[in-house]
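Colleague: Pasting the sequence and the predicted coordinates here, then a few questions.
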Amino acid sequence: MQTLSEVGQALQDARHKAKLSQVQLAQRTGLSRVTLSRMEGAAKGDMSVSALLKLCGALGLELQLVARGHRRTLEDV
């Protein structure tokens with residue numbers, strides 16, 4: 001992922017996969033539904049790392065930093 005829009009879309013996709021509404025996920029993370037909505041829609045010019053980590057944790061995701069151009073290997077899977 002290279003853009004906030006892609007991160008927002010990935011969060012929304014994970015939330016849908018988990019069958020959670022924005023309200024339910026917001027309650028699990030302690031974030032407001034408006035903040036979650038803005039992050040998913042990339043309307044917010046920046047994303048709080050702490051909010052992103054809370055969302056990842058609640059959705060069973062892990063945030064990883066990788067070198068630009070990194071391609072997934074079997075070890076990544």
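Modeller: The structure has been received and is ready for your questions.

Colleague: top helix in this protein by residue count?
Modeller: helix 4-17 (DSSP state H).

Colleague: Could you give me the buried positions within that helix?
Modeller: Buried residues in helix 4-17, counting neighbours by 16 or more other C-beta atoms under 10 Å, are found at 4, 7-8, 11-12, 14-15. The C-beta positions use only the backbone N, C-alpha and C, and glycine is treated the same way.

Colleague: can you pull the contacts of the spatially most central residue of the chain?
Modeller: In the chain, the C-alpha nearest the mean C-alpha coordinate belongs to Leu11, at 3.5 Å (C-alpha atoms, centre = their mean). Shown in contact with Leu11 (C-beta atoms under 8 Å, 6 or more residues apart in numbering): 39-40, 55, 59.

Colleague: Which of those sits closest to Leu31?
Modeller: Nearest to Leu31 among those is Leu55, at 7.3 Å by C-beta to C-beta.

Colleague: What helices and strands are in contact with the host helix or strand of that closest one?
Modeller: Following DSSP states H and E, one finds Leu55 within helix 49-58. Helices and strands touching helix 49-58, by 3 or more C-beta pairs under 8 Å, 6 or more residues apart in numbering; DSSP states H and E, are helix 22-29, helix 33-40.

Colleague: Let me have the ones you listed in a markdown table, adding mean neighbour count and mean pLDDT as columns.
Modeller: Formatted as a markdown table, the helices and strands packed on helix 49-58 follow (neighbours: other C-beta atoms under 10 Å; pLDDT from 0 to 100):
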| stretch | mean neighbour count | mean pLDDT |
| --- | --- | --- |
| helix 22-29 | 16 | 96 |
| helix 33-40 | 18 | 92 |
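
Colleague: where does this structure dip in pLDDT?
Modeller: Along the chain, segments meeting pLDDT under 70 span 1-2, 44-46, 70, 72-77.
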